[in-house]
Every structure is written in C-alpha cells, then in structure tokens.
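> Predicted coordinates and the sequence they were generated for:
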Amino acid sequence: MKIFLLVLDGGGDVGQKTPYEIANKPNINMLAKNGKCGLLDIGYNSTPQSDFGYLNIMGLYDKETYPGRGYLEALGLGVEVGEDDLCIRGNFATLGPNGNILDRRAGRDETGLEDMCDLLDGTEIDGVHFEIKKSAGHRIVIVMRPLDEKVSLSANVTSNDPEEKGVPVLQVKPKSPDAKFTASVLNKFAAKSNKILSAEHANIEREFPANVILMRGFGKRVDIQTFKDKYGMNSCCVAGIPIVKGVASFLGMDLITVHGANGYPDTNLEGKFREATEALQKYDFVWLHINGTDILSHDKKRKEKAEMIEKIDKEIGKMLEKIDLSENVIIITSDHRTASDPSYPHYRHTKDPNPILISGANIKPDNIEKFDEVSCSKGFTINGNGLIPFILNQIK
C-alpha cells in the first residue's frame, strides 16, 4: 500500500465561488466522489504559517521541539547548521526616504538580489559571523555563527518586521535577559545592511529598492523523531521551495529535485508529477508540494488560481493512468487557506479548516461528490496532528 500526499499550498480559499468551485477539475472530483471528503483543522491560534502546517500534516508537530522557521529554511537551502548557530528567516523590503516601509517584499523583484546577498555574506559584528543565502523570491536565510566560544546567541528575540506598510522598521528586542546581546547584534546588522544596500547600484534601477532586511522566524538546531521512526514508512518529498525541503529534511525524508520546480505558477508541473509518480514505485509515502496556488492567492488572481487548479487536475489525470488506485491512496489538501478575493480585508492566510479528500485503496466512499470548501464542510473533521494516523486507520 502506497500513500501519495498532494499539498496545494494555500489551495483552500474563502468567499463566494472559490477557485475550487470555479475550476473544471474532473479528475479531482472523481477522486472525491469515490473517496471521503472533509476538513483538516490544523488549529492555528495566530497567523497561519506553512511550516507549522506541514509539520501538523505529517503528524510530527511538537511545541517543545519546534526549531523555528529560520532553521527549517536553512536546512532547505542545504546550509550546515551548528549547535551554537542562530538561524533567521528574512526578506528584502523597501524603505522609503521618510523611513517608512513602502513594500514588505521589495516588489517581489529578484533583480540583483543574489549579488546583494553576496555583499552582506561574511559580515562580522561583535564576534558574530553572518552567512547570508538567497532563498525563494525576495526571501533570504541568515545564519549567525559565534566566532568565540564565549559568545552565546539566543532565539528569544522579537522580529523587526511590523507586518504592514507605511510604518518604520521595528527594533529587535530581547524577550529575556540572555537575549540582550543577540538583539543588539541584530539591530547593528539591520542598520549596517541598510547602509550597504542603499548604496548598491542595482537598487537605483529597481522600482522598489531592496534596501532593508526584515527578520523573523528565529530558530536553532533541533533533532527529532523522523517520519520513518514514527510511522515505519520510507518517504520522499518533491518540492520547489526551501521551506518545504527544509521540513522534509527535518523529518528525515529523501528529497527529489526536479528541473524547473521553482515554487511559482510557472513551475514544472509535468516534471513534478512525473517524478512523484515514479517515486511511488520506490517509496511508501510520497509528498508532492505545489506552491503556485498560494502565490496567485497573494497576488489576488482568483481566476488564474482556478486555472492553475485545472492544470494540476490534468496532471492528476495522467498520474491515474499509471497507478492502480486499489494499491494506492491519494490525499489532497492544503497547509492553510489563502484569500484570493481582492476585496478580502485581512491578512491573506486564513485560519479556516482546509478541504481534504482521501481516495483509493480501502477507502469507503461517502456521499460527497465534488471537492470544494462547501462540499468538504459536510464531511469528517481531522484536527492537528491527526491526519496520518487517520489515514493509516482507514487503510488497515
């Protein structure tokens, strides 16, 4: 028995006529009709974050061992992280002449960002070395390394990201006395990097200069029980963005690289599905992640999101021609919903439970005939870390 998990990042939506409802998706609806549908309530208490969602989907989230987004992003980029290092999730942003943030993502323009990371890489402040790596899009990973054993770094600091435009960048503050040094170094780094980036020639030609770094997701290395140790299944992940690769690595999953898999709407869907289908011959559990649905939601492109779901549906159709559903289980869900409606007034990620379908071997059908938010609300509900145990119980 093999399990195929398809996570459409931010696939679920809100409002009337969601992309799932609009999209022509005969293969997904066939799976829904012949399987079970419901809701996956991950249990977000604050703003939904994908790494928290992925870990819950895999049934391995634990507050005590959660390492922080920065560490997971670093793993996804293949960075070697030491026990004393501090990892940070950051992104380039645009600071206006009045000192207020004009754009938190620097216009999503990647022009010159690799060179800017190279400029900042190797910075040293108060006995701390900074390694800077470009991540997906406007994002970066910062790894702080003590140059002296007497230097101690703490993840117990606040972010400098106000999470809105039209306001100044915040000061990093310590949450405990032992984090005062770390906060001081980070504030010095923010000021120094702003000065360096503001003088960078590439920023002169950009509509939104990448002249400031927003930092959050502080984390340190943690070792936990692997996916195989907990569930006894050999597993792999097919993904295009570092955070997914990082979570998979954290859980001990093998990574399958696909040329052209970039985490954007123009990702190599055909290649990703082909590799995932082939992986089912070798692995017990295959996780395929697609990020373009989330990107289109954030860009408020509701129609285009529906069109991408239709493209995904066609690839699912090709997969179904090559696998035997009596020997495989297919799961389709999301890590969170993301509002694509331009009129939605709040943060784009929402806390609403995610639509989920489970179809294939030993899955007895319910009376739900299509896959969308309204239809799935009539089915079962799975909470928190409960998805994988639920599936394993269903296919006994």
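Perfect, thanks for sending it.
> How many residues are close by the nearest residue to residue 194 once chain neighbours are set aside?
Using CB to CB, 6 or more residues apart in numbering and skipping residues adjacent in sequence, the residue nearest residue 194 is residue 212, 5.1 Å away. Yep, even glycine has a C-beta here, placed from its N, CA and C like the rest. Per other CB atoms under 10 Å, the neighbour tally for residue 212 reads 24.
> Pretty sure residue 91 is one of the things residue 212 touches, is it not?
No. With contact defined as CB atoms under 8 Å, residue 212 does not count as touching residue 91 (9.7 Å).
> Report the mean per-residue pLDDT for the helix or strand hosting residue 297.
Assigned by DSSP states H and E, residue 297 belongs to helix 292-298. Averaged over helix 292-298, pLDDT sits at 95.
> and the protein, what are its domains?
Structurally, the chain divides into domains by automatic domain parsing as follows: 2-65+224-394, 73-219.
> mean confidence for the shortest one?
For domain 73-219, the per-residue pLDDT values average out at 96.
> What's the end-to-end length of that domain?
By CA to CA, to the nearest Å, the extent of domain 73-219 from end to end equals 10 Å.
> Centre of the chain to that domain, how far?
Here domain 73-219 shows a centroid-to-chain-centroid distance of 19 Å under the convention CA atoms, centre = their mean, to the nearest Å.
> Break down the stretch 201-350 of the chain into its strands, ranges please.
Using DSSP state E, counting those that start in this stretch, the strands of the stretch 201-350 of the chain run over residues 212-219, 235-238, 254-256, 285-290, 328-333, 337-338, 349-350.
> The longest one: partners in the sheet, and parallel or antiparallel?
Strand pairing for strand 212-219, determined by DSSP bridges: strand 86-95 (antiparallel).
> do the same with the third one
Within its sheet, strand 254-256 is paired with strand 235-238 (parallel), according to DSSP bridges.
> outside of the strand it pairs with, which residues touch it?
227-228, 244-245, 248, 251-256, 258, 261, 272, 275-276, 279, 282-289 (CB atoms under 8 Å, 6 or more residues apart in numbering).
> and what of stretch 163-178?
For stretch 163-178, using CB under 8 Å, 6+ apart, the contacting residues are 93, 95, 99-104, 152, 154, 156-162, 180, 182-183, 186-187, 190, 212, 214-215.
> hey, C-alpha coordinates of it in PDB?
Only the C-alpha atoms of stretch 163-178 are listed here, as PDB (Å, rounded to 0.1, in the frame of the first residue of the first chain):
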ATOM      1  CA  GLU A 163       4.000  43.300   9.100                       C
ATOM      2  CA  GLU A 164       2.500  46.300   7.500                       C
ATOM      3  CA  LYS A 165       3.400  49.200   5.200                       C
ATOM      4  CA  GLY A 166       3.700  52.900   6.000                       C
ATOM      5  CA  VAL A 167       5.400  52.400   9.300                       C
ATOM      6  CA  PRO A 168       9.100  52.200  10.400                       C
ATOM      7  CA  VAL A 169      11.100  49.100  10.800                       C
ATOM      8  CA  LEU A 170      11.000  47.900  14.400                       C
ATOM      9  CA  GLN A 171      13.900  47.500  16.700                       C
ATOM     10  CA  VAL A 172      14.700  43.900  17.700                       C
ATOM     11  CA  LYS A 173      14.100  43.500  21.400                       C
ATOM     12  CA  PRO A 174      15.200  40.700  23.800                       C
ATOM     13  CA  LYS A 175      12.400  38.600  25.400                       C
ATOM     14  CA  SER A 176      14.800  37.500  28.200                       C
ATOM     15  CA  PRO A 177      18.000  38.900  29.800                       C
ATOM     16  CA  ASP A 178      20.200  36.300  28.000                       C
END
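> So which residues of the stretch 51-200 of the chain form helices?
Counting by DSSP state H, counting those that start in this stretch, the stretch 51-200 of the chain has helices at residues 69-76, 113-120, 180-198.
> what about those, which gets the closest to residue 147?
Closest of these to residue 147 is helix 180-198, at 11.5 Å (criterion: CB to CB).
> Can you check what angle separates the closest one from helix 113-120?
For helix 180-198 against helix 113-120, the angle by axes from the mean of the first three to the mean of the last three CA atoms, to 10 degrees is 130 degrees.
> quick one: buried residues of helix 180-198?
In terms of neighbour count (16 or more other CB atoms under 10 Å), helix 180-198 has its buried residues at 181, 182, 183, 185, 186, 187, 189, 190, 193, 197.
> And stretch 295-309, by the same measure?
For stretch 295-309, by 16+ other CB under 10 Å, it's 295, 296, 297, 301, 302, 304, 305, 306, 307, 308, 309.
> what residues are up against the second one?
It refers to residue 296. By CB under 8 Å, 6+ apart, the neighbours of residue 296 are 265, 304, 305, 308, 340.
> re the thing from before, residues contacting the residue nearest to residue 194?
Per CB under 8 Å, 6+ apart, neighbours of residue 212: 92, 93, 94, 95, 101, 169, 190, 193, 194, 197.
> returning to that earlier point: so which of the buried residues of stretch 295-309 belong to helices?
295, 296, 297, 302, 304, 305, 306, 307, 308, 309 (DSSP state H).
> No further questions, thank you.
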